[in-house]
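In: I'd like to go over a predicted model; first the sequence, then the structure.
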Amino acid sequence: MSKREQRDQNYRDVFRREHEILDEAEELLSSETVEEAALREGFDSLSTGFSRLLDNALKITRIGDSVQRQLVDTQRELRKTLREKEDLNHHLTEMAKEKDEYLGIAAHDLRSPLSNVIMGMELIQEQPDMGRGEWLGILKDSTEECRRILDLLGNLLDVNRIETGNMVWEKRDFCASVTALSVAEGFFKKASLKEQKIIFDEPSEDLFAHADPQVYVQILENLISNALKYSPTKSVTRIRLVVAGEYLRTEVEDEGPGISSEDRENLFKKFARLSARPTGGESTVGLGLSIVKGLAEAMNGRVGCRTRVGEGSVFYIDLPTQAH
């Protein structure tokens, strides 16, 4: 017998017993020859019967209330599950759209450098007697195009590893000030090609952070590269480290065009196409800052930007100074 059938049977039993008690009461009231003792005994019996009837009714009511609460809880859980399912479906839909966007942008950005490489190789094949200077120029251009392809593929792989949680971290205490100086020195030659200058404000003492040192290097390289890319000739990029509470802040200050209020909303989003353009014709796919943000958050850190249009920007990353 199901719970519902049992509950209905209990209700029928209560109603049947109620009718039996009422019949006994009517019989007592209609009898004219009943003695006082018998009448008292009858009413005692009726009182006992109604008390039991009331107890049974209360029990059934409590059972009903319990069942009702269970139904309400079940409905609440069902609604929660449905909301979670809707949220999951929405998330999967957004991921599918994002994947299509990835593929579309990747195909677009890969097509141009690949076409240039193919054209260069075909030109060398069609003109085998061309001078050494000409084919060396073609090889140099082709090498640069291949680097663009590798950069794009590397960025796409980084985004995928971050979002799927497949990157392996080696978080530990390390001297960030020494690491930052080494990274900055690695960009001196690149800066000189655009007649730019990099200044590293060396702190008075060694400053430590708790994170993956290689991740820190990747983030800082990205920020310095962007500073040089969007700053004009003869500009200065300044790097400094300061302690900010429980975090070590690394700042990269440039003398670029600054960032408009419209661009700030999309600054750390994937494939963000901002209004500022590289000053030396460098390529950009709009993934660098989104990778910086993902890596920083994976290190229990944060990123941000202070900027004034026409006066430059300061991008910074905060990393914890101890394990969180």
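Out: Structure's in. What do you need?
In: hey, what's P320 bridged with?
Out: When bridges are called by DSSP bridges, P320 pairs up with Y247.
In: make sure it is actually in contact with E297.
Out: No: applying Cβ atoms under 8 Å, one finds P320 not in contact with E297, separated by 11.8 Å. All C-beta atoms are positioned from the backbone trio N, CA, C, and that covers glycine.
In: more neighbours: which of the two?
Out: With neighbours defined as other Cβ atoms under 10 Å, P320 and E297 compare such that P320 has more, 18 against 12.
In: please report how far that one lies from L92.
Out: Distance, P320 to L92, using Cβ to Cβ, to the nearest Å: 33 Å.
In: swap in E251?
Out: As for E251, its distance to L92 is 39 Å (criterion: Cβ to Cβ).
In: who has more neighbours, these two?
Out: Neighbours were counted for E251 and for L92 using other Cβ under 10 Å; E251 has more, 19 against 10.
In: residue contacts, that one?
Out: E251 is in contact with R238, I239, R240, L241, V242, V314, F315, Y316, counting by Cβ atoms under 8 Å, 6 or more residues apart in numbering.
In: burial of the fifth one, as a residue count?
Out: Looking back up the chat, that one is V242. The number of residues packed around V242, counting by other Cβ under 10 Å, is 14.
In: is it in a helix, a strand, or coil?
Out: When classified by DSSP: H, G, I helix; E, B strand; the rest coil, V242 comes out as strand.
In: got a list of what the residue lying closest to it once chain neighbours are set aside touches?
Out: Using Cβ to Cβ, 6 or more residues apart in numbering and skipping the chain neighbours, the partner closest in space to V242 is R249 (5.1 Å). Applying Cβ under 8 Å, 6+ apart to R249 gives the contacts L241, V242, V243, Y316, I317, D318.
In: switch to 7 Å and redo it
Out: Taking Cβ atoms under 7 Å, 6 or more residues apart in numbering as the contact definition, R249 lies against L241, V242, Y316, D318.
In: now do the SS call for it.
Out: Under the three-state scheme (three-state DSSP), the conformation of R249 reads as strand.
In: if I look at it, how far off is V309?
Out: Distance check for R249 against V309: by Cβ to Cβ, it reads 23 Å.
In: quick one, strands of the stretch 151-300 of the chain?
Out: Assignment of strands within the stretch 151-300 of the chain using DSSP state E, counting those that start in this stretch yields the ranges 172-175, 197-201, 208-211, 236-244, 247-253.
In: format those strands as a markdown table; extra columns: distance to L289.
Out: A markdown table is the format used below for the strands of the stretch 151-300 of the chain (distance: least, Cβ to Cβ, whole Å):
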| stretch | distance to L289 |
| --- | --- |
| strand 172-175 | 23 |
| strand 197-201 | 20 |
| strand 208-211 | 18 |
| strand 236-244 | 16 |
| strand 247-253 | 12 |
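In: just checking, E195 touches P232?
Out: No: the pair E195 / P232 is not scored as a contact, 9.4 Å apart, by Cβ atoms under 7 Å.
In: of those two, which one has the most company?
Out: Counting neighbours by other Cβ under 10 Å for E195 and for P232 shows that P232 has the greater number, 14 against 10.
In: who's in contact with the more buried one?
Out: With Cβ under 7 Å, 6+ apart as the criterion, the residues that contact P232 are T279.
In: now it: phi and psi?
Out: Note on P232: its backbone torsions stand at phi -80, psi 170 [degrees, to the nearest 10].
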